[in-house]
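Novice: need a 3D model of the following:
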Amino acid sequence: MSDSGGRAVVTGGAGFLGSHLCDHLLAKGYDVLCLDNLLTGNTDNIAHLAGNPKFKFIRHDVTEYMFVDGPVHAVLHFASPASPVDYLDMPIQTLKVGSLGTHKALGLAKAKKARFLLASTSEVYGDPLLNPQPESYWGNVNPIGPRGVYDEAKRFAEAMTLAYRRYHGLDTRIVRIFNTYGPRMRPQDGRVVSNFIVQALQKKPLTIYGEGNQTRSFCYVSDLINGIVRLLEVENSKDVEMPVNIGNPEERTVRYLAELVLKLTGSPSTIVKEPLPTDDPRVRCPDITRAKSLLKWQPEYLVERGLGPTIEYFKRLVTQ
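Specialist: Have a look, this model is predicted:
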């Protein structure tokens, strides 16, 4: 599996990350079938692909049986609500796509003898007691807290993926995605980067929680997608049996991000403080040693660079 392509099925392909993934795979010569029920995805993200003979979109709920005619070389399971606003508003759908959706996507890969890649998340580490987080860390997750619907859906998805690998011999990969930002984020998705940019452009106060001292690592979307496709294309499956962190190891405080957004937008907005949400992680930073070694990958964009094109994208969407 290389630049000669093959046929890839991307669930959640009309979402923020999924649509960028479709673009990247097409550029590498793949034929791409995008499946999305548009619960949080948007056809605007893939409108530029209309008419491309190597791209096809089907509106489909991946928690239902997936029938795909013809050969499939790779299944990439990216379908899921992925922001706090979404999975707190849609807890049952989030649990279903992580469990039933993963089961259906794995079944498709098994039936087609295809390579399978699961989009997991740094949220499997919960509020970590170890920083930065290596893949060997088991996490500190509250399974019955409000964030548990997303955290546990992804932890279950990882367990099921490894079960298919061990029981059925399926060729699988798991990427644990850390905070990612860039064009095609939704303005109201509740993520910190989009929140701050939209608030700044609308000249509204930027909301931080607590003192804003919690840290995050912000990975620009093109860096992330590059790492994910490298993981997909590793030929020796045994090298990537265990999950691989993909993210930017440069930690920034939430307050620093807010101040940087104000500087880059030239906004007169102020910063206001709200109470910390339940189970909000205090730190979040990937140990990317495995990605560097196995994939020869590391991010190129610091957040100071990647915010520029992200702000320009939002300027086209947001009325000041």
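Novice: from what I see, residue 78 and residue 19 are in contact.
Specialist: No - with contact defined as C-beta atoms under 8 Å, residue 78 does not reach residue 19; the gap is 9.5 Å. In this view, the C-beta of every residue, glycine as well, is placed from N, C-alpha and C.
Novice: identify the contacts common to these two.
Specialist: Listed contacts common to residue 78 and residue 19 are residue 13; contacts here mean C-beta atoms under 8 Å, 6 or more residues apart in numbering.
Novice: run through the strands of the stretch 101-250 of the chain in chain order.
Specialist: 115-121, 172-177, 180-181, 206-209, 215-217, 219-220, 244-246 (DSSP state E, counting those that start in this stretch).
Novice: what ranges of the protein fall below the confidence cut-off?
Specialist: 1-4, 279, 319-320 (pLDDT under 70).
Novice: check contacts around the closest residue to residue 160 other than its chain neighbours.
Specialist: Once flanking residues are discounted, residue 160 sits nearest to residue 102: 5.3 Å by C-beta to C-beta, 6 or more residues apart in numbering. When contacts are counted by C-beta under 8 Å, 6+ apart, residue 102 touches 77, 118, 156-157, 160-161.
Novice: all helices of this protein, in order?
Specialist: 16-27, 84-89, 91-96, 102-112, 148-168, 192-201, 221-233, 254-265, 289-295, 303-317 (DSSP state H).
Novice: dump those helices into JSON lines; add distance to residue 273 as well.
Specialist: Formatted as JSON lines, those follow (distance: least, C-beta to C-beta, whole Å):
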{"stretch": "helix 16-27", "distance to residue 273": "28"}
{"stretch": "helix 84-89", "distance to residue 273": "18"}
{"stretch": "helix 91-96", "distance to residue 273": "27"}
{"stretch": "helix 102-112", "distance to residue 273": "38"}
{"stretch": "helix 148-168", "distance to residue 273": "25"}
{"stretch": "helix 192-201", "distance to residue 273": "14"}
{"stretch": "helix 221-233", "distance to residue 273": "29"}
{"stretch": "helix 254-265", "distance to residue 273": "9"}
{"stretch": "helix 289-295", "distance to residue 273": "35"}
{"stretch": "helix 303-317", "distance to residue 273": "21"}
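Novice: which one of the ones you listed lies closest to residue 67?
Specialist: Of all these, helix 102-112 sits nearest to residue 67, with 8.5 Å by C-beta to C-beta.
Novice: show me the contacts for residue 89.
Specialist: With C-beta under 8 Å, 6+ apart, residue 89 has these contacts: residue 81.
Novice: can you name the residues that contact residue 195?
Specialist: So residue 195 contacts 206-207 (C-beta under 8 Å, 6+ apart).
Novice: quick check: it vs residue 73, distance?
Specialist: 38 Å (C-beta to C-beta, to the nearest Å).
Novice: same deal with residue 159?
Specialist: 25 Å.
Novice: ok, those two, which is more surrounded?
Specialist: A count of neighbours by other C-beta atoms under 10 Å puts residue 73 above the other of residue 159 and residue 73, at 18 against 10.
Novice: so the more buried one versus residue 116, what's the distance?
Specialist: Residue 73 is 11 Å from residue 116, by C-beta to C-beta.
Novice: of the contacts of residue 102 - the most surrounded one?
Specialist: residue 77 (29 neighbours).
Novice: enumerate every residue touching that one.
Specialist: 11-12, 62, 101-102, 105-106, 116-119, 157.
Novice: still on that earlier bit, comparing the strands of the stretch 101-250 of the chain, which comes out most buried?
Specialist: strand 244-246 (a mean of 27; mean count of other C-beta atoms under 10 Å).
Novice: what helices or strands is it leaning on?
Specialist: Contact partners of strand 244-246 among helices and strands, from 3 or more C-beta pairs under 8 Å, 6 or more residues apart in numbering; DSSP states H and E: strand 172-177, helix 221-233, helix 289-295.
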